[in-house]
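Novice: Please work out how this folds:
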Amino acid sequence: MELHHRVELIDTLLEEAEQKMSALHHALGVQTRAKEEMEHAGHDTPLSQEGQTLKYEQAFDIVTLTSLAHRHGWHDVDAPGT
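Specialist: Below is the predicted model of the structure:
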């Protein structure tokens with residue numbers, strides 16, 4: 001493989017890894033905020049608008065990360081929070 005193609009491949013892999021790390025950091029932040037809100041809310045207390053949004057984002061992030069893991073063959077990876 002030519003050096004130019006190797007460099008392009010490495011750049012692509014680094015960009016993809018950066019996107020995945022960003023998604024993971026976002027998911028962890030969402031998970032932390034959601035846990036904090038749920039700890040402060042009672043069982044009968046409805047979630048605030050932000051809490052509902054965080055819960056939705058957390059579910060979306062879990063589906064996304066699980067899908068990425070399976071797409072890349074990481075079948076032994078559990079969804080965050082499981």
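
Novice: Can you give me the buried ones in the longest helix along the chain?
Specialist: Assignment by DSSP state H gives helix 3-40 as the longest helix of the chain. Under the neighbour-count criterion of 16 or more other Cβ atoms under 10 Å, helix 3-40 has 27, 30, 31, 33, 34, 37 buried. In short, each C-beta sits where N, CA and C put it, glycine included.

Novice: Quick check: what element follows that helix along the chain?
Specialist: helix 49-71 (DSSP states H and E).

Novice: what's that following helix packed up against?
Specialist: When contacts are defined as 3 or more Cβ pairs under 8 Å, 6 or more residues apart in numbering; DSSP states H and E, helix 49-71 packs onto helix 3-40.

Novice: now the helix it packs on against helix 49-71, angle please.
Specialist: Relative orientation of helix 3-40 with respect to helix 49-71: 140 degrees, computed using axes from the mean of the first three to the mean of the last three Cα atoms, to 10 degrees.

Novice: just how off-centre is helix 3-40 within its chain?
Specialist: Centroid separation for helix 3-40 versus its chain: 7 Å, with Cα atoms, centre = their mean, to the nearest Å.

Novice: Contacts for stretch 16-33, please.
Specialist: 54, 57, 58, 61, 62, 64, 65, 68, 80, 81 (Cβ atoms under 8 Å, 6 or more residues apart in numbering).

Novice: Low-confidence regions, the chain specifically.
Specialist: 41-45, 47, 74-82 (pLDDT under 70).
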